[in-house]
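Participant: Coordinates for the following, if possible.
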Amino acid sequence: MPQMGPLMWFILLSSSFLVLWTIISKQIFNLKMSSPGSSALKPRLSASKWMWW
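Facilitator: Below you'll find the model as predicted:
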């Protein structure tokens, strides 16, 4: 079997992480849109958003 280089591993990991992050952010967005009464969640969500972007 051909050995995978570190670049390949990096690409694989980053792409899978990106896919996971898009799914999670979509879920969070849907949660925020569907439940306007969750004011306790909103500051935490915005804080985590600022951490990522």
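
Participant: For the chain, which segments count as strands?
Facilitator: For the chain, strands defined by DSSP state E do not occur.

Participant: Find the least confident helix or strand in this protein, judged by mean pLDDT.
Facilitator: Least confident helix or strand, the chain: helix 41-52 with a mean of 57, by mean pLDDT, DSSP states H and E.

Participant: quick check: longest helix of this protein.
Facilitator: The residue-count maximum for a helix in the chain (DSSP state H) belongs to helix 6-34.

Participant: and it, average pLDDT?
Facilitator: Mean pLDDT, helix 6-34: 88.

Participant: tell me which strands and helices it is in contact with?
Facilitator: Counting contacts by 3 or more CB pairs under 8 Å, 6 or more residues apart in numbering; DSSP states H and E, helix 6-34 packs against helix 41-52. Every residue, glycine included, has its C-beta placed from N, CA and C.

Participant: hmm, try it at 6 Å
Facilitator: Contacting helix 6-34 under the criterion 3 or more CB pairs under 6 Å, 6 or more residues apart in numbering; DSSP states H and E is no other helix or strand.

Participant: List the contacts of stretch 3-20.
Facilitator: Under the criterion CB atoms under 6 Å, 6 or more residues apart in numbering, not a single residue lies in contact with stretch 3-20.

Participant: CA atoms of it as CSV?
Facilitator: Taking Å, rounded to 0.1, in the frame of the first residue of the first chain, the C-alpha atoms of stretch 3-20 are listed here in CSV:
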residue,chain,number,x,y,z
GLN,A,3,2.0,5.6,2.2
MET,A,4,0.0,8.7,2.5
GLY,A,5,1.9,11.9,3.0
PRO,A,6,1.2,14.5,5.7
LEU,A,7,-0.4,16.8,3.1
MET,A,8,-2.9,14.2,2.1
TRP,A,9,-3.8,13.6,5.8
PHE,A,10,-4.1,17.4,6.3
ILE,A,11,-6.5,17.7,3.3
LEU,A,12,-8.6,14.8,4.4
LEU,A,13,-8.9,16.1,8.0
SER,A,14,-9.6,19.6,7.0
SER,A,15,-12.2,18.6,4.4
SER,A,16,-14.0,16.3,6.8
PHE,A,17,-13.9,19.0,9.5
LEU,A,18,-15.4,21.6,7.1
VAL,A,19,-18.2,19.2,6.2
LEU,A,20,-18.9,18.6,9.9
